[in-house]
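Trainee: sequence? don't have it. structure:
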């Protein structure tokens, strides 16, 4: 399905955006799923955490962040009217550099059930949107599936490995930026001579 169809005359200066969706013919590797989940988990771990009364509380564990992340994605899939809507909502949820710091509120804990609320704002110049997402994690349901400890250890290893790769990438990008700035400063000095 394609949204925002391309203009017929390629040389016209009418602005356009083309977004095309398709289903991969065979199962794709889950690398991008892990990367996106890792991004969400990092955001959850870096969030400001509060209880329902508004008092600051310690951040959640990696395991708790993983459960929140997975439940948010499951809810988003279940509540989206189509695959396209799911992908658009997922990309909006990822936010990137437009997103301000996430605030997480642990609303309730009772009998293995935890309710959370996430709040954030996205800004683009003067345009601003406020978002709230609520999620309930039922730890009893996960215990019934069994092998929770092995899954937790596997996830933690996967998360830490991905976090190291992201840190390495960020260091390389930082080094490139510093090199580029140094080159610009140096070339600016020679242009004044």
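Mentor: Happy to help now that I have it. Just so we're clear, the structure is a prediction, and the values are computed from it rather than from any experiment. Residues are numbered from 1 along each chain as shown.
Trainee: is residue 103 in a bridge, and if so with what?
Mentor: Per DSSP bridges, the residues bridged to residue 103 are residue 48, residue 119.
Trainee: right, and residue 122 touches residue 102 too?
Mentor: No. Residue 122 lies out of contact with residue 102 (Cβ atoms under 8 Å); the separation is 11.0 Å. Using the backbone N, CA and C atoms, a C-beta is placed for each residue, glycine as well.
Trainee: Give me the more crowded residue out of those two.
Mentor: When residue 122 and residue 102 are compared for neighbours, residue 102 comes out ahead with 20 against 16, by other Cβ atoms under 10 Å.
Trainee: Isn't the more buried one up against residue 45?
Mentor: No. Using Cβ under 8 Å, residue 102 is not in contact with residue 45, being 9.7 Å away.
Trainee: and the longest helix for the chain?
Mentor: Longest helix in the chain, counting residues (DSSP state H): helix 148-191.
Trainee: in the protein, which spans are strands?
Mentor: 2-3, 19-20, 48-51, 103-110, 113-124, 127-138 (DSSP state E).
Trainee: Could you work out which of those reaches nearest to residue 76?
Mentor: Closest to residue 76 of the strands of the chain is strand 127-138 (Cβ to Cβ; 8.6 Å).
Trainee: what's the closest one in contact with?
Mentor: For strand 127-138, contacts defined as Cβ atoms under 8 Å, 6 or more residues apart in numbering pick out 64, 67-68, 71-72, 75, 93, 107, 112-123.
Trainee: Provide a PyMOL selection command restricted to the buried entries of these.
Mentor: Of the contacts of strand 127-138, the buried ones go into a single PyMOL selection, burial set by 16 or more other Cβ atoms under 10 Å:
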select buried, resi 64+67+68+71+72+93+114+115+116+117+118+119+120+122
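Trainee: Residue 170 versus residue 177, what's the distance?
Mentor: Counting by Cβ to Cβ, to the nearest Å, the gap from residue 177 to residue 170 is 10 Å.
Trainee: no, scratch that, I was asking about residue 114
Mentor: Counting by Cβ to Cβ, the gap from residue 114 to residue 170 is 31 Å.
Trainee: Any stretches of this protein with poor pLDDT?
Mentor: 1-18, 25-31, 96-98, 141-152, 155, 190-193 (pLDDT under 70).
Trainee: go with 50
Mentor: 1-7, 144 (pLDDT under 50).
Trainee: re the thing from before, check which helices and strands the longest helix of the chain sits against.
Mentor: Counting contacts by 3 or more Cβ pairs under 8 Å, 6 or more residues apart in numbering; DSSP states H and E, helix 148-191 packs against helix 31-46, helix 62-79.
Trainee: Reformat those helices as JSON lines; add distance to residue 55.
Mentor: Below are the helices and strands packed on helix 148-191 laid out as JSON lines (distance: least, Cβ to Cβ, whole Å):
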{"stretch": "helix 31-46", "distance to residue 55": "19"}
{"stretch": "helix 62-79", "distance to residue 55": "18"}
